[in-house]
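# using only what follows, build the 3D model:
(one chain, ligands or ions: 1)
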Amino acid sequence: MTHSADRPTPLQARSSGPLTGKVRVPGDKSISHRALILGALAVGETRISGLLEGEDVLNTAKAMRALGARVERTGAYAWEVRGVGVAGFAQPEIPLDFGNSGTGCRLVMGAVAGCPITTVFDGDASLRGRPMRRVLDPLELMGARVGASGDGGRLPLTLNGARDPLPIVYRTPVASAQIKSAVLLAGLSAPGVTTVIETEASRDHTELMLKHFGAQIVSTRDGSHGRKIVLTGQPELHGADVVVPADPSSAAFPIVAALIVEGSDIVLSDVMTNPLRTGLFTTLREMGASIEETEVRGDAGEPMAQLRVRASKLRGVEVPPERAPSMIDEYLVLAVAASFAEGATIMRGLQELRVKESDRLEATAAMLRVNGVKVEISGNDMMVEGKGHVAGDGLVATHMDHRIAMSALVMGLAADRPVKVDDTAFIATSFPDFIPMMRGLGAEFS
Ligand code: S3P
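Model prediction:
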């Protein structure tokens, strides 16, 4: 699915009255991809409720169908998957197009790497520019082979899965749940034990869900911030029920909007609060944000809570580099919050932001500068000078990146003058109802 040929849809956000009301943001993107993939690798029926029906996840659903699983929508956000069993994927007759989604693409690379089939992977211009070597390196160690590919292993590429995949011990070179998950998914088809070691713990949804589907997988602490994950290969995965909690990375946008728009008071239900995803909440609270958690509960190892967020006076803070994996997708909207804070916010260890849907380090700095905020990038660190208010009046380039579009629109809700984004189309990859949901809370877009 590519948007490049579509006409861009610009939008402007203007200073709004208090945001109020209760909403449930869409299902978690990471968990939605994994539920479809593990459902397709399991024997029997998997019933998913609360699936994110955004373009990224719908592309993964299509890929699972092309690989032989039965995937059906049975109601609003309700899906059923009948899987083919571990190593049971059929040779797809069409190239798998992951659109804008690095997660879908990289996880499925892992899932097919241990099956004796040839799969063609492709995506939009943004995804074609992103590094795939980080996933292909370990998959090649496990026996998969890359046929044709773009420069440096980029998309479009052909992956020949291993007939007899090898279990490996792999230390991930960067904290990345996508690399970890690709190795674990390939390890499902390998005999014996596949081990992944990470120096900084990344989101553990794959591990939790594999356990939920019946795999033997053990995760222990390794070093001060790391994890060692040991998976026993060739399990029989059985279909399971998955309830997808609301996505904290999507909740981040109404949360920051409520914090910076004077007088706001909103409630977000069922937000996933897995500690490997909540670095933004920790940081915002350190800045003085009022975010209250109630109705704390959990499902299949994933905790969730209701959040009440009230407009707050924010102050600048320093965000340590080891927090980055738990808030890697949230720095853009944190930079918006930091712009409205009093004092400097320093965010360290942001190198991974350069290889997301866009170069988010440069794109975030550009978004702030064009709206009159002073920002400096020094190596992998970013410093935002908060002045308590933002001038606005900027036109923000979204670079095919949903999170830039949403962050800029949030900024416009509290800026002195309106903020415009050049294209909102990519918001549909992760948060299709963002604009109507924010309008329902009182946001003014035109
Ligand atoms: C994701 C992992 C992160 C994150 C992405 C979703 C996942 O990427 O940025 O949006 O679901 O595994 P990396 O693991 O490459 O940091």
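
# when you work out contacts or count neighbours from here on, use the C-alpha atoms and nothing else.
OK.

# near the ligand at all, stretch 298-308?
No: if you take CA under 6 Å from any ligand atom as the test, stretch 298-308 misses the ligand, and the best it gets is 14.0 Å.

# so which residues make contact with that stretch?
Contacts to stretch 298-308, defined as CA atoms under 8 Å, 6 or more residues apart in numbering, come from residues 205, 208-209, 212, 242-243, 245, 265-274, 290-297.

# contact residues of this protein facing the ligand?
Residues of the chain lying near the ligand by CA under 6 Å from any ligand atom: S30, T103, S176, A177, Q178, I328, D329.

# rewinding a little: just the contacts of stretch 298-308: which are in strands?
Judged by DSSP state E, the contacts of stretch 298-308 include 242-243, 265-272, 290-297 as members of strands.

# buried subset of these as a PyMOL selection?
Entered in PyMOL, the line below selects the buried ones among the ones in strands among the contacts of stretch 298-308, by 16 or more other CA atoms under 10 Å:
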select buried, resi 242+243+265+266+267+268+269+270+271+272+290+291+293
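
# what ranges does the stretch 301-446 of the chain have for its helices?
331-340, 360-369, 402-412, 434-441 (DSSP state H, counting those that start in this stretch).

# in JSON lines: these, plus distance to A113, mean neighbour count and mean pLDDT.
Output for the helices of the stretch 301-446 of the chain, formatted as JSON lines (distance: least, CA to CA, whole Å; neighbours: other CA atoms under 10 Å; pLDDT from 0 to 100):
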{"stretch": "helix 331-340", "distance to A113": "32", "mean neighbour count": "26", "mean pLDDT": "99"}
{"stretch": "helix 360-369", "distance to A113": "30", "mean neighbour count": "21", "mean pLDDT": "98"}
{"stretch": "helix 402-412", "distance to A113": "29", "mean neighbour count": "28", "mean pLDDT": "98"}
{"stretch": "helix 434-441", "distance to A113": "35", "mean neighbour count": "17", "mean pLDDT": "98"}
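
# in CSV, list these along with distance to G150.
Converted to CSV, these look like this (distance: least, CA to CA, whole Å):
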stretch, distance to G150
helix 331-340, 29
helix 360-369, 23
helix 402-412, 24
helix 434-441, 34
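
# among the ones you listed, which is nearest R7?
R7 lies closest to helix 402-412 among the helices of the stretch 301-446 of the chain, at 15.6 Å (CA to CA).

# which SS class is the residue of the stretch 1-150 of the chain found nearest the ligand?
Of the residues in the stretch 1-150 of the chain, the one nearest the ligand is S30, at a distance of 3.7 Å by CA to the nearest ligand atom. At S30, secondary structure determined by DSSP: H, G, I helix; E, B strand; the rest coil is helix.

# quick check: it touching D204?
No: the criterion here is CA atoms under 8 Å, and S30 misses it with D204 at 9.9 Å.

# quick check: pLDDT value at the residue of the stretch 1-150 of the chain closest to the ligand.
At S30, the predicted lDDT confidence score is 98.

# burial of E93, as a residue count?
11 (other CA atoms under 10 Å).

# and the nearest residue to it once chain neighbours are set aside, how many neighbours?
Leaving aside its chain neighbours, E93 sits nearest to A66 (7.0 Å; criterion: CA to CA, 6 or more residues apart in numbering). By the criterion of other CA under 10 Å, A66 has 19 neighbours.

# settle this for me: A66 is touching D97, isn't it.
No: counting by CA under 8 Å, A66 does not reach D97; the two are 10.6 Å apart.

# picking that back up, quick one, phi psi at the residue nearest to E93?
Phi and psi for A66, reported as degrees, to the nearest 10, are phi -60, psi -20.

# quick one: contacts for it?
By CA under 8 Å, 6+ apart, the neighbours of A66 are A90, P92, E93, I94, L96.

# what subset of those residues is buried?
The neighbour count (16+ other CA under 10 Å) marks A90, P92, L96 as buried among those.

# tell me how this protein divides into domains.
The chain breaks down into these domains under automatic domain parsing: 3-24+245-445, 29-243.

# strands of the stretch 1-150 of the chain, start to end?
11-14, 20-23, 45-49, 70-75, 78-82, 96-97, 118-122, 145-146 (DSSP state E, counting those that start in this stretch).

# okay, those strands in TSV with distance to L136 and mean pLDDT next?
Shown next, in TSV, are the strands of the stretch 1-150 of the chain (distance: least, CA to CA, whole Å; pLDDT from 0 to 100):
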stretch	distance to L136	mean pLDDT
strand 11-14	38	98
strand 20-23	40	98
strand 45-49	29	98
strand 70-75	27	98
strand 78-82	27	98
strand 96-97	16	98
strand 118-122	12	98
strand 145-146	8	98
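
# these: which one's closest to F281?
When these are compared by CA to CA, strand 20-23 sits nearest F281, at 17.8 Å.

# which strands or helices does the closest one pack on?
strand 265-272, helix 434-441 (3 or more CA pairs under 8 Å, 6 or more residues apart in numbering; DSSP states H and E).

# what angle sits between the helix or strand just after the first one and helix 331-340?
The first helix or strand that comes after strand 265-272 along the chain, using DSSP states H and E, is helix 279-286. Angle, helix 279-286 to helix 331-340, by axes from the mean of the first three to the mean of the last three CA atoms, to 10 degrees: 10 degrees.

# pull out the buried positions in helix 279-286.
G279, L280, F281, T282, T283, L284, E286.

# shaky segments in the protein?
Flagging of the chain using pLDDT under 70 yields the residue ranges 1-5.

# 80 - rerun?
Within the chain, the ranges that satisfy pLDDT under 80 run 1-6, 299-300.

# buried residues in stretch 189-203?
189-190, 193-203.

# quick check: end-to-end length of that stretch?
By CA to CA, to the nearest Å, the extent of stretch 189-203 from end to end equals 22 Å.

# residues touching the closest residue to T60 other than its chain neighbours, list them.
Leaving aside its sequence neighbours, T60 sits nearest to G104 (CA to CA, 6+ apart; 5.7 Å). Under the criterion of CA under 8 Å, 6+ apart, the neighbours of G104 are H33, D56, V57, N59, T60, F98.
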